[in-house]
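In: model this:
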Amino acid sequence: MRLALCLLALVAMTGVASAQQQQPPAQPQQKPLAKPAPAAKPAAAAPAAKPGPKSPFTPPAFKITIATEGAFPPFNYLDRKGMPAGFEMELAQEACQRIKAECEFIALKWDELIPGLLEKKFDIIMSSMEVTRERRQRMGLSRRYYLSPGAFIAPKGAPYDGPPSLLRNKRIGIQTDSTHADWADKSFRRSAQLKRYASVQEALTALANDEVDAVFGDKAQLWLWSRKPEGKCCELVGQDIKDTQTLGVGVAAGLRKEDAKLRDALNKAFGEMMTDGTYKKINDKYFPFALN
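Out: The predicted structure is shown next:
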């Protein structure tokens, strides 16, 4: 009996062990997966910079340099800061705005102007330069931008305020070897006493000293002298004298011949100024008579 019970107990223990071997091993407890982090939002693009206020001025298309002597007031001279100024420089500044150019102004000695232009040290000469055949051969020239006619100056109250014929048999002072002397030689021949002087200033001094009855020369130059203390004695008389054969065609800007486009633009600007009244406004600031 005891033997049977022992056998039963042994069978039961064997079954339990077999059952334990057939169970799958316990899986280790897994942690829940973490939620993926939300994707970062793309950085907002920086706002575009606002453009600055628009300039009311048209930007210059190119840059040029204009040279003058600066020694012939009020046409060209140096102001208190040593910068070129005067009638011609105002015309040049106006022309620069019209051709949309940034312009620089320099002053040089007269003898350096034409060589400097041809050597491309600057681009334009505006210095009361008379148009001559020789200059036409050496460089390009703009259209005339002023003409100061020939004129007579005489003592105030003298009876010469009329045609040049009123000065027949009178003493007329002229500058030797000048275009004005050429005109006087052609016009008076032997009908007047032509007295020649080395300079216009010497002729005017002779007029103030009653050594001549009148002086013939450049109208603007004579008028300027009449406004000085030494010229208070005298005034312009008679008619303006314009004669292209002897007195020339006037004053022009000098350019290099190859700069034809610049010359054409400058000519157009001068023409517009004369048509729309701008030229007259500048003229009237300096002279009581027209120069073109």
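In: helices of the stretch 1-150 of the chain, start to end?
Out: Under the criterion DSSP state H, counting those that start in this stretch, the stretch 1-150 of the chain carries helices at the ranges 2-22, 87-98, 110-118, 133-138.
In: need the CA coordinates for the last one. CSV is fine.
Out: Below are the C-alpha coordinates for helix 133-138, written out as CSV (Å, rounded to 0.1, in the frame of the first residue of the first chain):
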residue,chain,number,x,y,z
ARG,A,133,39.6,128.0,-88.2
GLU,A,134,42.7,126.8,-86.4
ARG,A,135,40.7,125.5,-83.4
ARG,A,136,38.2,123.8,-85.7
GLN,A,137,41.2,121.9,-87.2
ARG,A,138,42.5,120.8,-83.8
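In: would you single out the least confident of the helices of the stretch 1-150 of the chain?
Out: Of all the helices of the stretch 1-150 of the chain, the minimum mean pLDDT falls on helix 2-22 (a mean of 40).
In: show me where pLDDT drops low in the stretch 51-200 of the chain?
Out: 51-60 (pLDDT under 70).
In: do a quick rundown of the strands in this structure.
Out: 62-68, 71-72, 76-78, 84-85, 101-107, 124-125, 140-146, 150-155, 171-175, 193-197, 214-218, 234-241, 251-255 (DSSP state E).
In: redo those as TSV? Include mean neighbour count and distance to residue 132.
Out: Every residue, glycine included, has its C-beta placed from N, CA and C. Shown next, in TSV, are the strands of the chain (neighbours: other C-beta atoms under 10 Å; distance: least, C-beta to C-beta, whole Å):
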stretch	mean neighbour count	distance to residue 132
strand 62-68	19	18
strand 71-72	16	17
strand 76-78	19	19
strand 84-85	22	23
strand 101-107	17	22
strand 124-125	25	13
strand 140-146	20	9
strand 150-155	23	16
strand 171-175	22	17
strand 193-197	16	21
strand 214-218	25	15
strand 234-241	18	19
strand 251-255	23	10
